[in-house]
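**Student:** Any chance you can model this:
(chains A, B, C and D)
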Number of protein chains: 4
Amino acid sequence: MNEEKRQLASAEQINKRLQSAQFPFNQFLGVRVVEAVDDGLTMETEVRPEWGNVFGSMHGGVTASLVDTAVGIAVIRGYDFARPVTTVELKVSYLRPIHAGKLTVKARILKQGKTLCVGVGDVFDQEGEHCATSLVTYMAL
Amino acid sequence: MNEEKRQLASAEQINKRLQSAQFPFNQFLGVRVVEAVDDGLTMETEVRPEWGNVFGSMHGGVTASLVDTAVGIAVIRGYDFARPVTTVELKVSYLRPIHAGKLTVKARILKQGKTLCVGVGDVFDQEGEHCATSLVTYMAL
Amino acid sequence: MNEEKRQLASAEQINKRLQSAQFPFNQFLGVRVVEAVDDGLTMETEVRPEWGNVFGSMHGGVTASLVDTAVGIAVIRGYDFARPVTTVELKVSYLRPIHAGKLTVKARILKQGKTLCVGVGDVFDQEGEHCATSLVTYMAL
Amino acid sequence: MNEEKRQLASAEQINKRLQSAQFPFNQFLGVRVVEAVDDGLTMETEVRPEWGNVFGSMHGGVTASLVDTAVGIAVIRGYDFARPVTTVELKVSYLRPIHAGKLTVKARILKQGKTLCVGVGDVFDQEGEHCATSLVTYMAL
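**Tutor:** Residues are numbered from 1 along each chain as shown, chains lettered A, B, ... in the order given. This is a model prediction of the structure:
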């Protein structure tokens, strides 16, 4: 069990895979993995002006994209990048608006099953405020 | 009641507002309103290569962005563009993968309250297949 | 295709199965199928005093139970009662409080896949008001 | 801030309030508060035979009822029992089936706003296995 966990990809290894993959939307999101632990990982990015909604804060769809990306990559890593996965469903609760600066996106796997995976995705702003939380379900194909 | 409904903005009026507003992320989404009815509206866009995920289909975050945009604009229109709103939470169920072509996004308002609004957002592909459904909650500020 | 649809169980057949099955919580819910169509079914029940929350309206958990029951039975019927299913996740949006009288619960299947099923569950009160909507995902085992 | 937190009701005080209130559905759920901390509380109950679904495990609606109850009471306590609240929406992800024995339901408040509250509800079985997680939104009236 312990050994298996040690074999999960490191943050550096995940970033290399992301860079070499055809992953256009994630380039738009500008995410990079900064930490990888047994049951999840942490990503960082910077808020971009083109992510704004009509009221001047970050569009809720970008938040959804960030958690789907972080939890999805954590799930793929949990399968050692050996199985394609698809998002079954995603639920985001928005706790406070996001305006600018560095964002931290934490993904934690609650269940890595044979078919279904469930994870939590949380978004924190530069001040460490909890801006959004989410639950995301994936199916391994 | 009937008269009030007649006063809701038309598809053309909504598109004019969207074009004149500072709305950077929606330009990325390329959406335009093609129909507006009493309890909602229909948008169209085209799948773009930059929306792809690592497996070659459209990123789930883009689907979430499309439904948040369509239902959000339907809600803002329901308040006659007089109140800012914020997304409280969003839930998307992905029914089948999206690859290319024209997308139709239908928003239907279930509740337009004094404080909270709830709407359904559905995404259909070029063949008319139902690719995603969603429930989105907004708060008027 | 048409023939296959005709073979789905009728409302009467579903009720017989529910009565003969060990189904204790559904007896608590008092539900009976009143209509069954190609892509779903309609159930009815009566609000019971023991379903009340601390504020005198129906507990949100009962609403969740009703939609999980109706969509779940629609899904099981969609598999001709031949496969056990488990609820993967459930999301309910509460549109207005429920107090008393007859409730109508409509289940509509959006996707009946080999492994995953997604359905919509809606609850209407005696006056026909839309009190709750939901999306529920099931996995066939 | 510290003083305000110390004034939140203790587990014993919450249980007294629950017993004296008209709270019929919670009696059906058999829940009692066993711990109350600054940002949430823990409840316990025992699985009852009448909560079973057709496949012999606990009905998903009971899980939804338990998290709605625990997070809801944590929210009401956060307002010092001074404001009525209503469930806006609830999302449960089911991680593994529940069969029998003691259940632990943990509620943690992520946001206690002027109008909206968001909390996480988790259910663990007797072996400490994580059986369900949830996000629930409430509105103070």
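
**Student:** Give the residue spans of chain A that score low on pLDDT.
**Tutor:** A:1-6, A:22 (pLDDT under 70).

**Student:** tell me the secondary structure for residue A:99?
**Tutor:** Under DSSP: H, G, I helix; E, B strand; the rest coil, the three-state class of residue A:99 is coil.

**Student:** and the nearest residue to it once chain neighbours are set aside, how many neighbours does it have?
**Tutor:** Distance criterion CB to CB, 6 or more residues apart in numbering or on different chains; nearest residue to residue A:99, sequence neighbours excluded, is residue A:57 at 5.6 Å. For the C-beta atoms, the positions are set from N, CA and C on the backbone; glycine is no exception. Look at residue A:57: counted by other CB atoms under 10 Å in any protein chain shown, it has 20 neighbours.

**Student:** repeat for residue A:127
**Tutor:** 8.

**Student:** Residue A:17: which element?
**Tutor:** Using DSSP states H and E, residue A:17 maps to helix A:11-20.

**Student:** got the buried residues for the next helix or strand after that helix?
**Tutor:** Sequence order places helix A:24-29 as the next helix or strand after helix A:11-20, per DSSP H and E. Using 16 or more other CB atoms under 10 Å in any protein chain shown as the test for burial, helix A:24-29 gives A:25, A:26, A:28, A:29.

**Student:** which secondary structure elements does the helix holding residue A:17 contact?
**Tutor:** Here helix A:11-20 touches strand A:32-37, helix A:60-78, going by 3 or more CB pairs under 8 Å, 6 or more residues apart in numbering or on different chains; DSSP states H and E.

**Student:** quick one, what contacts the residue nearest to residue A:99?
**Tutor:** Residue A:57 is in contact with A:97, A:98, A:99, B:86, counting by CB atoms under 8 Å, 6 or more residues apart in numbering or on different chains.

**Student:** give me phi/psi at the residue nearest to the first one when sequence neighbours are not counted?
**Tutor:** If the residues on either side of it in the chain are set aside, residue A:97 comes closest to residue A:57, at 4.1 Å by CB to CB, 6+ apart. When read as degrees, to the nearest 10, the backbone of residue A:57 gives phi -110, psi 180.

**Student:** can you pull up the bridge partners for residue A:108?
**Tutor:** On the basis of DSSP bridges, residue A:108 is bridged to residue A:40, residue A:120.

**Student:** Contact residues of chain A facing chain C?
**Tutor:** Residues of chain A lying near chain C by CB under 8 Å from any CB of the partner chain: A:88, A:89, A:91, A:115, A:116, A:118, A:135, A:137, A:139.

**Student:** Make a markdown table out of those residues and add secondary structure, distance to residue B:9 and neighbour count.
**Tutor:** Formatted as a markdown table, these follow (DSSP: H, G, I helix; E, B strand; the rest coil; distance: CB to CB, whole Å; neighbours: other CB atoms under 10 Å in any protein chain shown):
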| residue | secondary structure | distance to residue B:9 | neighbour count |
| --- | --- | --- | --- |
| A:88 | strand | 35 | 25 |
| A:89 | strand | 32 | 28 |
| A:91 | strand | 30 | 29 |
| A:115 | coil | 45 | 13 |
| A:116 | strand | 42 | 24 |
| A:118 | strand | 40 | 25 |
| A:135 | strand | 35 | 26 |
| A:137 | strand | 36 | 24 |
| A:139 | strand | 40 | 22 |
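
**Student:** Out of those, which two sit at the greatest distance?
**Tutor:** Within the residues of chain A next to chain C, A:91 and A:115 form the most distant pair, 19.4 Å apart (CB to CB).

**Student:** Which single one of the contacts of residue A:57 is nearest to residue B:48?
**Tutor:** Residue B:48 lies nearest to residue A:98 out of the contacts of residue A:57, by CB to CB, at 23.7 Å.

**Student:** Leaving out sequence neighbours, find the closest residue to the closest one.
**Tutor:** Spatial nearest neighbour of residue A:98, excluding adjacent residues (CB to CB, 6+ apart): residue A:58 at 4.1 Å.

**Student:** Identify the residues contacting that neighbour.
**Tutor:** A:47, A:51, A:52, A:97, A:98, A:99.

**Student:** Would you mind measuring from it to residue B:42?
**Tutor:** Per CB to CB, to the nearest Å, residue A:58 is found 26 Å from residue B:42.

**Student:** ditto for residue A:96
**Tutor:** Going from residue A:96 to residue B:42 by CB to CB gives 31 Å.

**Student:** ok, back up a step: compare the contacts of residue A:57 and tell me which has the most neighbours.
**Tutor:** Using other CB under 10 Å as the neighbour test, those are led by residue A:98, with 24 neighbours.

**Student:** List the contacts of that one.
**Tutor:** Going by CB under 8 Å, 6+ apart, residue A:98 touches A:47, A:57, A:58, A:63, A:123, A:125, A:131, A:132.

**Student:** redo that, cut-off 10 Å
**Tutor:** A:47, A:51, A:57-60, A:62-63, A:66, A:123-126, A:129, A:131-132 (CB atoms under 10 Å, 6 or more residues apart in numbering or on different chains).

**Student:** wait, which of those residues is closest to residue B:12?
**Tutor:** residue A:59 (23.6 Å).

**Student:** mind checking how far the closest one is from residue B:31?
**Tutor:** Distance from residue A:59 to residue B:31, by CB to CB: 12 Å.

**Student:** follow-up on the earlier one: partner residues bridging the residue nearest to residue A:98?
**Tutor:** With DSSP bridges as the rule, residue A:58 is bridged to residue A:52.

**Student:** Could you give the separation of stretch A:9-26 from the chain centroid?
**Tutor:** 12 Å (CA atoms, centre = their mean, to the nearest Å).

**Student:** Correction: the previous question concerned stretch A:52-64.
**Tutor:** 17 Å.

**Student:** Dump that stretch to PDB, restricted to CA.
**Tutor:** Extracted as PDB, the C-alpha positions of stretch A:52-64 are listed here (Å, rounded to 0.1, in the frame of the first residue of the first chain):
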ATOM      1  CA  GLY A  52     -14.000  38.500 -16.200                       C
ATOM      2  CA  ASN A  53     -17.800  38.500 -16.100                       C
ATOM      3  CA  VAL A  54     -20.000  41.500 -16.800                       C
ATOM      4  CA  PHE A  55     -19.800  42.600 -13.200                       C
ATOM      5  CA  GLY A  56     -16.000  42.700 -13.100                       C
ATOM      6  CA  SER A  57     -15.300  39.600 -11.000                       C
ATOM      7  CA  MET A  58     -14.100  36.200 -12.300                       C
ATOM      8  CA  HIS A  59     -16.700  34.300 -14.300                       C
ATOM      9  CA  GLY A  60     -18.200  31.300 -12.400                       C
ATOM     10  CA  GLY A  61     -17.400  29.100 -15.400                       C
ATOM     11  CA  VAL A  62     -13.700  29.700 -14.900                       C
ATOM     12  CA  THR A  63     -14.000  28.600 -11.300                       C
ATOM     13  CA  ALA A  64     -15.800  25.500 -12.500                       C
END
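
**Student:** Give me the buried positions along it.
**Tutor:** For stretch A:52-64, by 16+ other CB under 10 Å, it's A:52, A:53, A:54, A:55, A:57, A:58, A:59, A:60, A:61, A:62, A:63, A:64.

**Student:** correct me, but the second one touches residue B:25?
**Tutor:** Yes. Residue A:53 is within contact range of residue B:25, at 6.1 Å (criterion: CB atoms under 10 Å).
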